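Student: One predicted model, sequence on top.
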Amino acid sequence: MNSAPLQLSGKRAAVLFVAGGVGGALCDQIHVQGGVLAYSRPDLLGQAWWVGPLFGMATLVMYVATWVWVGRSERAQPGPVTRRDLLLHSAWFVGAYLASALLQHQPRLLALVYLLLFLRRLLRRRDAVWQVLNGVGLAVGGTSFEAVLASTGAFHYQHPDLWTVPLWLPGVYLHGAPLAMAVLRRLRQSDAGKMTV
């Protein structure tokens, strides 16, 4: 798969942890304020103190998981990842969160819309296979982790229909996967640029 060694320095890990923790907690606020989920012991703005650190750790796990596919993605669709690309992928991810707050009472429709939009996003991409594999991996892993965590009583979704989580939850991860791939590719390109200077 990806033959290059994983590059995750202490500084990079810290930056990813903080950025993922802050960004994830802000996105989670969409779910909290939208009545999608609730924490058993909220500390600040309806969230538990551990939400930010948990999202920070999740970001690092996604970095490592996405590394498996990033080399093949780059070979299939070479070219730089621009700031515009990062903003567009970020907008899709935040949009997926917003849609889940607005359409949480229609889980089957929302799950279908997520899937169709994800496939539409990849329609003209030469790295679509690697994007799909990464997306499915993150969706299965993330949803499974959330289901287990919710089963402990730490938090609960208001309308679970897939054990302890909503049917549409994997779709949020699907739309986060291209962002994870783009961030990792951008970091690799930055590293390559520094090596050639």
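Tutor: That came in fine, so what should we check first?
Student: How far off centre is stretch 122-131?
Tutor: 17 Å (CA atoms, centre = their mean, to the nearest Å).
Student: Going forward, the N-terminal residue is numbered 59.
Tutor: Shifting the count to begin at 59 puts that one at stretch 180-189.
Student: how much space between the spatially most central residue of the chain and residue 200?
Tutor: The centre of the chain sits closest to residue 234, judged by CA atoms, centre = their mean, with a distance of 3.3 Å. Taking CB to CB, to the nearest Å as the measure, residue 234 falls 8 Å from residue 200. (Each C-beta comes from the backbone N, C-alpha and C, glycine too.)
Student: ditto for residue 73
Tutor: 21 Å.
Student: So those two - more neighbours on which side?
Tutor: residue 200 (22 against 13; other CB atoms under 10 Å).
Student: in the helix ranked longest in the chain, what's buried?
Tutor: The longest helix of the chain (DSSP state H) is helix 227-254. Under the neighbour-count criterion of 16 or more other CB atoms under 10 Å, helix 227-254 has 227-246 buried.
Student: Which strands or helices does that helix pack on?
Tutor: helix 109-134, helix 141-160, helix 165-179, helix 186-209 (3 or more CB pairs under 8 Å, 6 or more residues apart in numbering; DSSP states H and E).
Student: Now do the contacts for the closest residue to residue 159 other than its chain neighbours.
Tutor: Once flanking residues are discounted, residue 159 sits nearest to residue 92: 3.0 Å by CB to CB, 6 or more residues apart in numbering. By CB atoms under 8 Å, 6 or more residues apart in numbering, residue 92 lies in contact with 158, 159, 160, 162.
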